[in-house]
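**Student:** quick one: sequence and predicted model below, then my questions.
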Amino acid sequence: MAQLREMPRDNGGAPGAHWGPRPRSEIAGLACVTAGPQGGVPVVLLHGVGLRAEAWGAQLEALSGVRLIAPDMPGHGESAALDAPPSLAAYTDRLARLVATLATPVVVVGHSMGAMIALDLGLRHPGLCRGVVALSAIYRRSPAAAAGARARAAALVAGGGTDPAATLHRWFGDDQHTPVATACRGWLTEAPRDGYSAAYGVFTAEDGPADDALQGLHCPALFLTGALDPNSTPAMSEAMAARVPGGRAITVPGAAHMVPMTHPQAVNAAILAVAEQSLGAGVEAPLHRSPD
């Protein structure tokens, strides 16, 4: 089997150059940033609430041998809002329309709310999904975490909550002047308020997949979170992985919530591992061979 690769980087970490605006194309009505060879294994990257496709800059620039499709979530970036009342199923079904146009199953990678959608796609549309990577996914929030999420959702609905300072503090602590934090501040500030509020309401209402549903997820699945993430904890990822046949959990030392941006090497390795595993599991799709 040919090996999928991450392109070597000599700049390390997550420099600010990753996070600038990128051109988009429309796929099934969603604005998407794409990269990689047309013949590569398709990997769909789903960002979290209030962000946009550029949050995957460290993956779009570094991964080789896979075809990357990073849509703006409905109501975010340059994508129009949902054409149905907001629900997890509505966001997932909107993604399913995109994946159906690709004519081959995809590895779906989601971060935070994107992880909810990724898991829901794998559970409700198994024919479209060859593998799942769930990053910073929630599962059975504590009462305090659930109450905090509901309060933030209520503030958005009431027209408040436009200051991203509290969100940035949850994500980055006191270190809010890095290129990653600066990029997130801009995206959160510029996010369309209706789209942000609708998505956050769904994110708050959900509490992770049902246990019996996880037991029925039969594609390769990997759950990854940062050791320092207080709301999407390592224990949550481990609990979900334990319920999925062959599921795996990875905890990234020193990482908090924005692990795809702050610790891209660990995330990129996880994505490529699942893509390789999906080929070994017999899900057919063309594999682009990287030059030696």
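**Tutor:** In hand now; what should we look at? Residues are numbered from 1 along each chain as shown.
**Student:** okay, which residue is most central for the protein?
**Tutor:** The residue at the geometric middle of the chain, judged as the C-alpha nearest the mean C-alpha position with Cα atoms, centre = their mean, is Gly110 (2.2 Å).
**Student:** would you confirm that that one contacts Ala118?
**Tutor:** Yes: using Cβ atoms under 8 Å, Gly110 is in contact with Ala118, at 3.2 Å. Yep, even glycine has a C-beta here, placed from its N, CA and C like the rest.
**Student:** where do the contact lists of the two overlap?
**Tutor:** Among the neighbours of Gly110, those also in contact with Ala118 (Cβ atoms under 8 Å, 6 or more residues apart in numbering) are Leu46, Val132, Val133, Ala134.
**Student:** tell me which element the residue lying closest to the first one once chain neighbours are set aside falls in.
**Tutor:** Nearest in space to Leu46, with sequence neighbours left out and distances taken as Cβ to Cβ, 6 or more residues apart in numbering, is Gly114 at 3.1 Å. Of the helices and strands defined by DSSP states H and E, Gly114 is found in helix 113-124.
**Student:** can you point out the buried residues in that helix?
**Tutor:** Using 16 or more other Cβ atoms under 10 Å as the burial criterion, the residues of helix 113-124 that qualify are Met113, Gly114, Ala115, Met116, Ile117, Ala118, Leu119, Asp120, Leu121, Gly122, Leu123.
**Student:** tally of neighbours for Gly159?
**Tutor:** Residues near Gly159, counting by other Cβ atoms under 10 Å, number 9.
**Student:** likewise for Thr167?
**Tutor:** 17.
**Student:** next one: the one 10 residues further on
**Tutor:** Residues within reach of His177, counting by other Cβ under 10 Å, total 9.
**Student:** would you mind measuring from it to Ala183?
**Tutor:** Here the distance between His177 and Ala183 works out to 12 Å (Cβ to Cβ, to the nearest Å).
**Student:** surely Glu54 and Trp19 touch.
**Tutor:** Yes: with contact defined as Cβ under 8 Å, Glu54 reaches Trp19; the gap is 5.7 Å.
**Student:** so what's in contact with these two at the same time?
**Tutor:** Applying Cβ under 8 Å, 6+ apart, one finds that Glu54 and Trp19 are jointly contacted by Ala183.
**Student:** shaky segments in the stretch 1-150 of the chain?
**Tutor:** 1-17 (pLDDT under 70).
**Student:** where's Pro42, which helix or strand?
**Tutor:** Assessed by DSSP H and E, Pro42 sits inside strand 41-46.
**Student:** what packs against the next helix or strand along the chain from that strand?
**Tutor:** Helices and strands here follow DSSP H and E; after strand 41-46, the next one along the chain is helix 57-62. Packing partners of helix 57-62 (3 or more Cβ pairs under 8 Å, 6 or more residues apart in numbering; DSSP states H and E): strand 30-35, strand 66-71, helix 259-262, helix 264-280.
**Student:** could you pull out the strands for this protein?
**Tutor:** Using DSSP state E, the strands of the chain run over residues 5-6, 25-27, 30-35, 41-46, 63-64, 66-71, 106-111, 129-135, 221-226, 248-252.
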